[in-house]
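*Asks:* sequence isn't available, so here's the structure alone:
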């Protein structure tokens, strides 16, 4: 499966270097003007994460009404990860089951699944460098001038 298409609004913001025709009727949900409140069903850790991320997503124009469920799932996964990490910290990586057999703490599985969800939904929200660049445009520094261009017969700019 290929890379998902960029929204038309994002293409307009980033410019159109290929001069390709842009769809005018593409879906363009409007960015939220105000940071939405966290859903009531989120737990303490999840609400804390919502408060840390939602304002930034709103200020950067990434957050739309259709993204709130992605943020809610991200925050819920964050809470599951924190709770499972606390469980492993208190009981260890291995536990003794009802039959007296030593086995992997089930919280380790919860940690792995929560981390997968955090990575997936975090990428959808632009919370890692690669997806942030994809959502917002590269915006990185320009390449420095090559000082050896003069050797190839070119001109150095001043």
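*Replies:* Sure thing, it's come through. This structure is a prediction, so every number in the text was calculated from the model and none was measured.
*Asks:* and residue 61, how many neighbours?
*Replies:* Residue 61 has 15 neighbours, counted by other CB atoms under 10 Å. C-beta coordinates here come from the backbone N, C-alpha and C atoms, glycine included.
*Asks:* show the subsequent helix or strand relative to the helix or strand of the chain with the lowest mean pLDDT.
*Replies:* In the chain, no helix or strand scores lower on mean pLDDT, DSSP states H and E than helix 8-14, which sits at a mean of 62. Reading on from helix 8-14 to the C-terminus, the next helix or strand found by DSSP states H and E is helix 44-59.
*Asks:* in that next one, what's buried?
*Replies:* Neighbour counts over helix 44-59 (16 or more other CB atoms under 10 Å) mark 45-50, 53-54, 57-58 as buried.
*Asks:* who's in contact with that helix?
*Replies:* By CB atoms under 8 Å, 6 or more residues apart in numbering, the residues outside helix 44-59 that reach it are 31-36, 38, 42, 63, 67, 71-72, 74-76, 78-79, 82-83, 125-127.
*Asks:* the longest helix in this structure is where?
*Replies:* Secondary structure of the chain per DSSP state H: the longest helix is helix 68-91.
*Asks:* how far away from the center of its chain is that helix?
*Replies:* Between the centre of helix 68-91 and the centre of its chain there are 16 Å (CA atoms, centre = their mean, to the nearest Å).
*Asks:* what does that helix rub up against?
*Replies:* The contact list for helix 68-91 (CB under 8 Å, 6+ apart) reads 36, 38-39, 42-47, 49-50, 53-54, 57, 63, 105, 107-108, 110-111, 113-115, 117-118, 121-122, 124-125, 127.
*Asks:* and with 6 Å instead?
*Replies:* Here helix 68-91 makes contact (CB atoms under 6 Å, 6 or more residues apart in numbering) with 36, 39, 42-43, 45-46, 49-50, 105, 107, 110-111, 114, 117-118, 121-122, 124-125.
*Asks:* that helix vs helix 44-59, what angle?
*Replies:* Computed with axes from the mean of the first three to the mean of the last three CA atoms, to 10 degrees, the direction of helix 68-91 lies at 140 degrees from that of helix 44-59.
*Asks:* quick one: mean pLDDT over helix 68-91.
*Replies:* With pLDDT averaged residue by residue, helix 68-91 scores 97.
*Asks:* helix or strand next in line after it, which one?
*Replies:* Where DSSP H and E defines the elements, the next helix or strand beyond helix 68-91 is strand 94-96.
*Asks:* cheers, nothing more for now.
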